[in-house]
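Trainee: sequence plus predicted model, see below.
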Amino acid sequence: QIESLDKSLEDLLTRVDEFVGMLDMIRSDSSQVVNESIPQIYTKATEMRQIYRKIDKLEAFVKMVGNSVAGLEERVIKAETDLGAFPSTFKKILHTISIPSFLNKSSSSRQQQTLYEPPVLFKTEDYFPCLNEAPY
C-alpha cells in the first residue's frame, strides 16, 4: 500500500508541476499580450483611423466627380436636343442643298437663343496636391 500511495503521490506531484508550468505559461502569455500586443494593436488602430479618413475623403471626391459628370451629361443631352444631333455628313449634305430661307432663319434664331456657357470644372490638383510634384 505504501508503494501504491507513493506512486499516487508522485503522479499527483507530476500533475501539479504540469499545472504550475501551464499557469506560468499563461501568465507570461498574458503579460506579453498586455505589454507588447496591446500597444501594437493601438498603434495599428491609430494608423487605420488615418486610412479611414482618407477613404472618406476619397468617397466624397468620387461622389463630387460623379455629380459633375452627371451634370455635364445632362448639358450634353440638352445641347443635343436643342441643336439637333445630326452626324456631320448629314449636315454637310443639308448645307450643300439649297435650304429655303425660313428654315435658315429658324435654325439661326435657335442658335442665338442658346448661348454657350462653359461648365465649371474641378481641378484634380486641388484634391490631390501630390500630382503637382515631378514623377519619379
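Mentor: Alright, I've got the coordinates. Because the structure is a prediction, the values reported are computed rather than measured.
Trainee: packing partners of the longest helix anywhere in the chain?
Mentor: When the chain is scanned for its longest helix (criterion: DSSP state H), the result is helix 38-83. If you count contacts as 3 or more CB pairs under 8 Å, 6 or more residues apart in numbering; DSSP states H and E, helix 38-83 packs onto helix 101-113. The C-beta positions use only the backbone N, C-alpha and C, and glycine is treated the same way.
Trainee: shaky segments in this protein?
Mentor: 85-114, 131-136 (pLDDT under 70).
Trainee: if we use 50, what do you get?
Mentor: Low-confidence segments of the chain (pLDDT under 50): 102-112.
Trainee: Leu121: which element?
Mentor: Secondary structure assignment for Leu121, by DSSP states H and E: no helix or strand.
Trainee: got phi/psi on it?
Mentor: When read as degrees, to the nearest 10, the backbone of Leu121 gives phi -110, psi 150.
Trainee: look at it and say how many residues are nearby.
Mentor: Burial measure for Leu121: 8 neighbouring residues, criterion other CB atoms under 10 Å.
Trainee: ok, it touching Ser68?
Mentor: Yes - proximity of Leu121 to Ser68 meets the contact threshold set by CB atoms under 8 Å, at 7.2 Å.
Trainee: now the common contact residues for those two.
Mentor: Counting by CB atoms under 8 Å, 6 or more residues apart in numbering, Leu121 and Ser68 have no contacts in common.
Trainee: chain center to the longest helix of the chain, what's the gap?
Mentor: Centroid displacement of helix 38-83 relative to its chain, using CA atoms, centre = their mean, to the nearest Å, is 6 Å.
Trainee: can you give me the distance of Gln32 to Ala45?
Mentor: As for Gln32, its distance to Ala45 is 19 Å (criterion: CB to CB, to the nearest Å).
Trainee: what's the answer for Lys57, then?
Mentor: Taking CB to CB, one finds Lys57 at 19 Å from Ala45.
Trainee: next one: Cys130
Mentor: 26 Å.
Trainee: between these two, which has more neighbouring residues?
Mentor: More neighbours surround Ala45 than the other of Cys130 and Ala45, with 9 against 6 (other CB under 10 Å).
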